[in-house]
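Chemist: With the sequence up front, the predicted model follows.
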Amino acid sequence: MHSSLVSPLLAVVDGGSALHLELAWVDYLILAIYFSFVIGIGWILRKYLKTSSDYFESGRSLPAWICALGFIGANLGAQEVMGMAASGAKYGIATSHFYWIGAIPAMVFVGIFMMPFYYGSKARSVPEYLKLRFDEKTRAFNALSFAVMTVFSSGISMFALAKLLNAILGWNFHGCIVISSLIVLVYIYTGGLTSAIYNEVLQFFLIVLGFLPLVLIGLKDIGGWDGLMTQLGAYSAEKGMPGAWSSSWSHMGDAAANPMGVEWFGLAMGLGFVLSFGYWCTDFLVIQRAMAAKDMNSARRTPLIAAIPKMLFPGLVILPGMIAIALFHTGGSAGLALPVDAAGTPDYNMVIPAMLSKYFPNGMLGIGLTALMASFMSGMAGNVTAFNTVFTYDLYQNYLKKDATDAHLVKVGRLTTVVGLIISAGCAYLAAGFNNIMDMLQLVFGFVNAPLFAIFLLGMFWRRATGHGSFFGLLIGTVSAMIFHGLTLPLGEATGIKGGWLSGAAHAHTFTSSMAQNFWMAIFAFVSCFVGTAAISLLTRPNRTDDELRGLVYSLTPKPKEDALTPWYSRPATLGGLVLAATLALNLIFW
Amino acid sequence: MNLDVRIPLGWLLLVLGVILLFYGLVSSPAIYAKHSLGSNVNLHWGAIFSVIGAAILVIARKKKS
């Protein structure tokens, strides 16, 4: 989800930036040590892998805290680190909506209400859950679109990494593609999901400890929090929206009053409900991490524990962007030299590399660069592990070889990892050659994803929802999203990839920003899918008996009971309540 | 799983921390004046990395016994 909402990294360093990082031996040493640990982990884990469940589900054996860091780490890709810093510069504190309304509530919901069905059912993947709950065609639709999406996303990460390293270090583009895919290949091939999750844990610590000094030095340079607020005040006044960069909600009453160009309702419903719940509650990339937990309580706590660092991340990834734009605005020798285009607009995607270059001497520079590369690779690895699982269980075992032995499935999973990375590399080259193809694909994924949460919501909480209802409801939702896109246009854009291709520019409904258009498209697609699924379900015969639905639907599933001895901090409901209260407090503090 | 993730994690942070510490001691102060507002970030964060890494290894060892 986030990848389609924040400025895609495809735009990174177009036009040849002047930014160049000088590495010393110590930086290369740090990089080499990190990657030997990454590969070493896969190598050690390979001897513990016995069954396909070990390879694809970590044998359902991991403690909650490891799954939680994997959960958050898989999401902490480069889109997050560089994209959120870019948005911090573009929109200021309001970028935190992607966290405090666009992530935390959904993470609490999936942990408390939905995990019992994912973990408690016999499903090994999200598409498999859809098969058990609805029918084969709904699973096939979800498995196929998900498989294509993951491979492309991994290709986009690969492309962006290679392009970035080429631009700021002068490394060979093709070399970067080959090496980054080989590293990911080796540690997933050998260690499977466990290896991916362990490396996400390492990467989590590296990113937090690597970027924290950057934030602290930057903040000191700008004159602390007060200095930052003063500078942002001046900057926002110059942009004609006084105070908009230093508040999260107070400028959301009117889309024209804030740099995001969205208003509170579209934000809360589109981002906070439809898109956020659609991603955190149904995307197998993150759910897979929770399903690797050792028991039901740990699986439910995975997203809840993950929510704690997640709600603090704005301080790590958005704040650098805010500092960067303030420094850029200050200008002069004290300022930050962001690459600018011909019109003088800064290249926001270069915020993090520019800050690394300014504030980190050799040594810490190696750490910062390693953290950045680690985030790109975990983005690739997360997609690849989700891809090989869905391909092996939902497509290969299901359609091609029903009687496959367990050992055979592990082999297929490994081979799929190789093939998946080769296709990803192909996508990376496609992105290098044709920027438009990638924009187009992201758009299509957006159409498919927008309505998805509706069928999960109905499937889990309404036992009358049927297989035909869900499948055709999804189609209706996807088509509605396309039609909506064809009839609307962001202000000042030409018809085509941005929308308006059905209505023409003159008759299109215009939105203040493409973000607002995206949020409203999601709302529209969700409502169409919800209504369509409900209506068709009522018109068709239930295709699952109550017995078959036990463990899959809320009203037919025994509520998970906590042991009387479970301490309060291990109870999902208590933990979830605390997380929500803390998030509410953050919203109010930065209102 | 038989490999506790805390072991590679602790060692990684400890090794990186020691390298940063060492580099912080031998590098010229000029690079800190140029980049990090004069403060020796390698020394400071090398110490932080090392302490966190060591602490994670101690915890891993305690849990095992």
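Modeler: Yep, that arrived.
Chemist: Let me see the contact set for B:Ile56.
Modeler: With contact taken as C-beta atoms under 8 Å, 6 or more residues apart in numbering or on different chains, B:Ile56 is in contact with B:6, B:9-10, B:13. C-beta coordinates here come from the backbone N, C-alpha and C atoms, glycine included.
Chemist: So for the helix or strand that it is a member of, what gets flagged as buried?
Modeler: Taking DSSP states H and E as the criterion, the element that holds B:Ile56 is helix B:41-64. The neighbour-count check on helix B:41-64 (16 or more other C-beta atoms under 10 Å in any protein chain shown) flags B:41-46, B:48-50, B:52-53, B:56-57, B:60 as buried.
Chemist: Which residues of chain A lie near chain B?
Modeler: Proximity of chain A to chain B, by C-beta under 8 Å from any C-beta of the partner chain, involves residues A:26, A:29-30, A:33-34, A:37, A:40-41, A:44-45, A:48, A:58-59, A:61-62, A:66, A:194, A:198, A:201-202, A:205-206, A:209, A:213, A:217, A:220-221, A:358-364, A:367.
Chemist: which SSE is A:Leu489 in?
Modeler: Element membership for A:Leu489 (DSSP H and E) is strand A:488-490.
Chemist: Quick check: residues of chain B near chain A?
Modeler: Counting by C-beta under 8 Å from any C-beta, chain B sits next to chain A at B:1-3, B:5, B:8-9, B:11-13, B:15-16, B:19-20, B:23-24, B:27, B:31-32, B:34-37, B:39, B:41-42, B:44-46, B:48-49, B:52.
Chemist: close enough to count as contact, A:Tyr279 and A:Phe109?
Modeler: No. When contacts are counted by C-beta atoms under 8 Å, A:Tyr279 is not listed as touching A:Phe109 (11.9 Å).
Chemist: before we move on, the earlier item: quick one: which of the buried residues of helix B:41-64 is nearest to A:Met311?
Modeler: Taking C-beta to C-beta as the measure, A:Met311 sits nearest to B:Ile52 out of the buried residues of helix B:41-64, at 21.5 Å.
Chemist: Relative to A:Thr392, how far out is A:Tyr119?
Modeler: When distances are taken as C-beta to C-beta, to the nearest Å, A:Tyr119 and A:Thr392 turn out to be 20 Å apart.
Chemist: quick one: contacts of the helix or strand bottoming out on mean pLDDT in chain B?
Modeler: Ranked by mean pLDDT, DSSP states H and E, the weakest helix or strand in chain B is helix B:30-34, scoring a mean of 83. Identification of contacts with helix B:30-34 by C-beta under 8 Å, 6+ apart yields A:361-362, B:38-41.
Chemist: Check stretch A:143-156 too.
Modeler: Counting by C-beta under 8 Å, 6+ apart, residues outside stretch A:143-156 touching it are A:3, A:8-10, A:125-127, A:284-285, A:379-380, A:383-384, A:386-387, A:390-391, A:394-395, A:420-421, A:423-428, A:430-431, A:438, A:441, A:445, A:448.
Chemist: still on that earlier bit, just the CA coordinates for the helix holding B:Ile56, please, in CSV.
Modeler: Output for helix B:41-64, consisting of C-alpha atoms alone and laid out as CSV, is shown next (Å, rounded to 0.1, in the frame of the first residue of the first chain):
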residue,chain,number,x,y,z
VAL,B,41,30.0,10.6,16.4
ASN,B,42,32.0,7.5,15.6
LEU,B,43,33.4,7.4,19.1
HIS,B,44,30.0,8.1,20.8
TRP,B,45,27.9,5.8,18.6
GLY,B,46,30.6,3.1,18.6
ALA,B,47,30.2,3.0,22.3
ILE,B,48,26.4,2.8,22.1
PHE,B,49,26.5,0.1,19.5
SER,B,50,29.0,-1.9,21.6
VAL,B,51,27.1,-1.6,24.8
ILE,B,52,23.8,-2.6,23.1
GLY,B,53,25.5,-5.5,21.3
ALA,B,54,27.1,-6.8,24.5
ALA,B,55,23.9,-6.4,26.4
ILE,B,56,22.0,-8.5,23.8
LEU,B,57,24.7,-11.2,24.0
VAL,B,58,24.5,-11.3,27.8
ILE,B,59,20.7,-11.6,27.7
ALA,B,60,20.9,-14.4,25.1
ARG,B,61,23.4,-16.3,27.3
LYS,B,62,21.2,-15.9,30.4
LYS,B,63,18.1,-17.3,28.6
LYS,B,64,20.0,-20.3,27.4
